[in-house]
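In: what follows is a predicted structure for the sequence shown.
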Amino acid sequence: MDELMRGRVYGADHDDPDPGPRPGRDYRELVAGPLDGLLLDVTGWTERQLGEPVALPTEIGAYGSGGRAQYAPRSGDPRRWDWRGDTP
């Protein structure tokens, strides 16, 4: 868990002097793709939500502004979510 706590949180403001994880929050590590290495704050998500893929808005994916990067929980290691591709 210590290695997860060093990352930058997805959606944190680029000007934030402390863009890392906050105590008492629950995170998943995004693996590969345009958001590789970022942490997704899943605090308060239901078990169902935690088992489903997500499409996260990003300007740095294949479709630029307005595009989304798709991630899904890794089988056998649900604390890491693997990139599944980009969508417009």
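Out: Sure thing, it's come through. Numbers count the residues shown, from 1 in each chain.

In: can you name the residues bridging to the residue minimising distance to the centre of the chain?
Out: When Cα atoms, centre = their mean is applied to the chain, the residue found nearest the centroid is residue 40 (3.4 Å). With DSSP bridges applied, residue 40 shows beta-bridge pairing to residue 28.

In: my read: it touches residue 25, true?
Out: No: counting by Cβ atoms under 8 Å, residue 40 does not reach residue 25; the two are 10.5 Å apart. In short, each C-beta sits where N, CA and C put it, glycine included.

In: now residue 45: closest residue in space, sequence neighbours ignored.
Out: residue 26 (7.7 Å; Cβ to Cβ, 6 or more residues apart in numbering).

In: what sits against the one you found?
Out: Residues near residue 26 by Cβ atoms under 8 Å, 6 or more residues apart in numbering: 41, 42, 43, 45.

In: show me which of the residues you listed are buried.
Out: 41, 42 (16 or more other Cβ atoms under 10 Å).
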